[in-house]
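In: Any chance you can model this:
(2 chains)
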2 protein chains.
Amino acid sequence: MEIKIVREILEENDELADEIRLHLKEGGMRMINVMSAPGSGKTLLLEKIIPMLKKRGLRVGIIEGDIATANDAQRLAPLEAPVVLITTETFGGGCHLSAAMIRSALAQLSSHELDLVLVENVGNLVCPAEFDIGADASLVLVSVVEGEDKPLKYPMMFRVADMVCVTKSDIAEAVCADVAKLKANVLQINPAVRLVETSGKSGQGMEEVASWVAGFKIEKA
Amino acid sequence: MEIKIVREILEENDELADEIRLHLKEGGMRMINVMSAPGSGKTLLLEKIIPMLKKRGLRVGIIEGDIATANDAQRLAPLEAPVVLITTETFGGGCHLSAAMIRSALAQLSSHELDLVLVENVGNLVCPAEFDIGADASLVLVSVVEGEDKPLKYPMMFRVADMVCVTKSDIAEAVCADVAKLKANVLQINPAVRLVETSGKSGQGMEEVASWVAGFKIEKA
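Out: Presented below is the predicted three-dimensional model:
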């Protein structure tokens, strides 16, 4: 029973997500869904790549998903890109963004001329992978501190990813992380994924991420 | 509509959880729900405290929840405590354990005489907090690497906690973590919670956690 209901909710969500994707395409916009566990470095990655994207002449908007607080939206304010905050607590404590939430956030962004919308999803390595929000690509982060086996234990998230960033690479040695094994496990789940090691601290990999975000081909639309 | 359906599922789950709690109490058993984001150190904590609990004469069983893989169950096998593995992928990729899953796992453990069941929930800082599984207490982990603001951003998980372990304290300096602020944020959400700094590497705090697990009073039953 529960599974049947969940399936209906997912189907309804997926239809709306397809509408959003079509709508964005018609408007010449692209959207990227940024996902990870809590504390893997999504906000810091956005802080680093948005100035790089602006330098490339892209007009960037942000949809910031959190269960509670405006902390991340406030952190992103100095980037001078329009930000819409969705706190899912007001939707009953939702553990992921849904296509319906994104549609309402996009409506709030519609007064801005944009080329690209970056969506920071709720910190959760499970549910956001199951809910299509109408994005053209998925960028998934996993930090070196989380353990090498996480791609195997949370396979769906790594299966839906178009790019995976292995974050916090600067502390890999300090925490005795086996980065090679972590990367091999990502590729075991998703052999075609684009894989980058990044560090918010040193800036490692950030130009590569920005180039990918700026230039990836839309294959899903 | 979605919220109404979710509420019905939650109510049904909560009734079953109350039945489980009563059933455990009648059998003289207690159960603890161990929860955190992925990679905060739940399995390592169990590896450290279970030998301490056995030294205190407690007969311990484990219910191990994962979306996929038997990795953690295999890690726990050398502890010589009975383990039942629930892979939620077979239930449609569930992002949390439910009371129904726990009931079936407890049935599988019923051939063992036990004093205590430790449940390692799915790595997720959101959904497991919403689903009562019939445990008598909740032990929540947050690592120093995840960011000081996590208790504010995922308040429900810290609200339901009876004990919070701030894990990986040995690398706090290396990752420039503000542990005092993290702890203050935990207490802001839940002033009555028992708070312990732990390190799986150095063993810091593990005896305190084991003592609490062995001796906490059942107040919820």
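In: Check which helices and strands the helix ranked longest in chain A sits against.
Out: Longest helix in chain A, counting residues (DSSP state H): helix A:2-26. Here helix A:2-26 touches strand A:30-36, helix A:99-109, helix B:2-26, going by 3 or more C-beta pairs under 8 Å, 6 or more residues apart in numbering or on different chains; DSSP states H and E. Every residue, glycine included, has its C-beta placed from N, CA and C.
In: what about stretch A:170-180, average pLDDT?
Out: Stretch A:170-180 carries an average pLDDT of 92.
In: Export that stretch to PDB, keeping only CA atoms.
Out: Output of stretch A:170-180 as PDB, limited to C-alpha atoms (Å, rounded to 0.1, in the frame of the first residue of the first chain):
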ATOM      1  CA  ASP A 170      42.900  18.700   1.300                       C
ATOM      2  CA  ILE A 171      42.200  16.700   4.500                       C
ATOM      3  CA  ALA A 172      42.300  13.300   2.900                       C
ATOM      4  CA  GLU A 173      45.700  12.500   4.500                       C
ATOM      5  CA  ALA A 174      44.700  13.800   7.900                       C
ATOM      6  CA  VAL A 175      41.700  11.600   8.000                       C
ATOM      7  CA  CYS A 176      43.400   8.600   6.500                       C
ATOM      8  CA  ALA A 177      40.900   8.500   3.600                       C
ATOM      9  CA  ASP A 178      41.500   6.000   0.700                       C
ATOM     10  CA  VAL A 179      40.500   8.400  -2.100                       C
ATOM     11  CA  ALA A 180      41.500   5.900  -4.800                       C
END
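In: so what's the residue positioned nearest the centre of chain A bridging to?
Out: Geometric centre of chain A, nearest residue: A:V34, 0.5 Å, by C-alpha atoms, centre = their mean. A:V34 has these beta-bridge partners by DSSP bridges: A:E120, A:L139.
In: ok, it - contacts?
Out: Listed by C-beta atoms under 8 Å, 6 or more residues apart in numbering or on different chains, the contact set of A:V34 reads A:K42, A:L45, A:L46, A:L118, A:V119, A:E120, A:N121, A:L139, A:V140, A:L141.
In: rerun that using 6 Å as the cut-off
Out: Contact analysis of A:V34 by C-beta atoms under 6 Å, 6 or more residues apart in numbering or on different chains lists A:K42, A:E120, A:L139.
In: Going by distance to chain B, which of these wins?
Out: A:K42 (10.5 Å; C-beta to the nearest C-beta).
In: quick one: low-confidence ranges for chain A?
Out: For chain A, applying pLDDT under 70 flags the ranges A:1-6, A:91-93, A:216-221.
In: For chain A, just list every one of the helices.
Out: Using DSSP H, helices in chain A cover A:2-26, A:42-55, A:71-76, A:99-109, A:150-153, A:155-159, A:179-189, A:206-215.
In: Pick the most buried one from these.
Out: With neighbours taken as mean count of other C-beta atoms under 10 Å in any protein chain shown, the helices of chain A reach their highest mean count in helix A:150-153, at a mean of 22.
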